[in-house]
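*Asks:* This is a predicted model, with the sequence first.
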Amino acid sequence: MTAHTLAQPRHFLSLQDFSAETLRQILDLAAELKVRLRRGDRPQLLTDKVLAMIFERESTRTRVSFDVGMRQLGGQTLMLTGAEMQLAREETLADTARVMSRYVDAIMIRILDNDDLLELAGASSVPVINGLTRRTHPCQVMADIMTYEEHRGPIGEAKVAWVGDSNNVLASWVHASKLFGNSLSIACPDEFGPDQALLADIRGAGANVTLGEDPHQAVRAADLVITDTWVSMGDTDPGLRRKVLKPYRVDTNLMARANGGALFMHCLPAHRGDEVTDEVIDGPQSVVFDEAENRLHAQKAILCWVFGIDTV
């Protein structure tokens, strides 16, 4: 094990902040921790460390995977919601970060406003991990890449297709594709396409990332097809979304346009019959539950990394 004292906290906020080499190091650590866990070996790398987990909205996978992951590494967790904290009475996130930094060793926060995440991290003297914002979802995409590579090999050699509306997972896939070199073909309806910030990221990602509106074109010869729920936290137009996005449903006909061995991913929760049919999500190409499991392993590696542990 290697570790070092950090002059500045190692935050994990966006894949844009990293080199491909650093992300690869974290992925390699995740794979090693997964192998060791399956052998019954749980290295106690974070003994006596406390992770505060702050949730603005409800959560299943993020909450459970971080909680279990921290415990498996020998640490402890503290579960908090905004309603339980003085945030509900308008204490600033910066002041919250300054106080929490005196009590805990790291903070994982799931909060919709990305600027709020940056405010918290900017004032924190302990590492902050982005558990999700409306802008990005880096932990999810680390698990996605881990899952693809377990089944098919290096992500850099893959053609990835995104079908549906633009969201935080897509943004992190754009960032990952720029770093790892895989192609990314995006199909979004104009009504629910990327905002200006993500459009700038897509343009900056190079020729391997393309944006269009035709889902059949996007998935042609794809090695991985990804979609997500059409109605996310904070969306107020579910009827319009379902109407506009109906042509983007991933069914067996759409999957047939991808490579024969293409994988299907969805970060869950899935709304079956909306963005994906039962035949696809329960079919042989689906790896959604491997993907969900790998949130645990990828996030354990991220936890180690923020504490300065790069290898085991």
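*Replies:* Good, I have the coordinates.

*Asks:* Any idea how far stretch 53-68 is from the middle of the chain?
*Replies:* Relative to the centre of its chain, stretch 53-68 is centred 13 Å away, using CA atoms, centre = their mean, to the nearest Å.

*Asks:* That one: end-to-end distance?
*Replies:* Between the start and the finish of stretch 53-68 there is a gap of 12 Å, counting by CA to CA, to the nearest Å.

*Asks:* just stretch 217-228 next, same as before
*Replies:* Stretch 217-228 end-to-end distance (CA to CA) = 18 Å.

*Asks:* from now on call the first residue 26
*Replies:* Noted, 26 is the first residue going forward, which turns the last one into stretch 242-253.

*Asks:* which residues are contacting it?
*Replies:* With CB atoms under 8 Å, 6 or more residues apart in numbering as the contact definition, stretch 242-253 has outside contacts at 169, 173, 177, 183-190, 192, 194-195, 198, 210-212, 237, 273, 275, 279-280, 282-284, 286-292, 300-301. Heads up, the C-betas are built off the backbone N, CA and C, glycines and all.

*Asks:* Pull out the buried members of the residues you listed.
*Replies:* With burial judged by 16 or more other CB atoms under 10 Å, the buried subset of those is 169, 173, 177, 183-190, 192, 194-195, 198, 210-212, 273, 275, 279-280, 282-284, 287-292, 300-301.

*Asks:* ranges for the strands of this protein?
*Replies:* 75-80, 101-106, 131-135, 153-157, 184-188, 208-212, 234-237, 249-252, 288-291 (DSSP state E).

*Asks:* would you list these in CSV and tack on mean pLDDT and distance to S39?
*Replies:* Below are the strands of the chain laid out as CSV (pLDDT from 0 to 100; distance: least, CB to CB, whole Å):
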stretch, mean pLDDT, distance to S39
strand 75-80, 97, 18
strand 101-106, 95, 23
strand 131-135, 97, 13
strand 153-157, 98, 7
strand 184-188, 98, 18
strand 208-212, 98, 17
strand 234-237, 98, 16
strand 249-252, 98, 19
strand 288-291, 98, 20
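
*Asks:* Reformat the ones you listed as JSON lines; add distance to Q41.
*Replies:* Listed next are those as JSON lines, based on distance: least, CB to CB, whole Å:
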{"stretch": "strand 75-80", "distance to Q41": "22"}
{"stretch": "strand 101-106", "distance to Q41": "27"}
{"stretch": "strand 131-135", "distance to Q41": "18"}
{"stretch": "strand 153-157", "distance to Q41": "11"}
{"stretch": "strand 184-188", "distance to Q41": "17"}
{"stretch": "strand 208-212", "distance to Q41": "15"}
{"stretch": "strand 234-237", "distance to Q41": "13"}
{"stretch": "strand 249-252", "distance to Q41": "19"}
{"stretch": "strand 288-291", "distance to Q41": "21"}
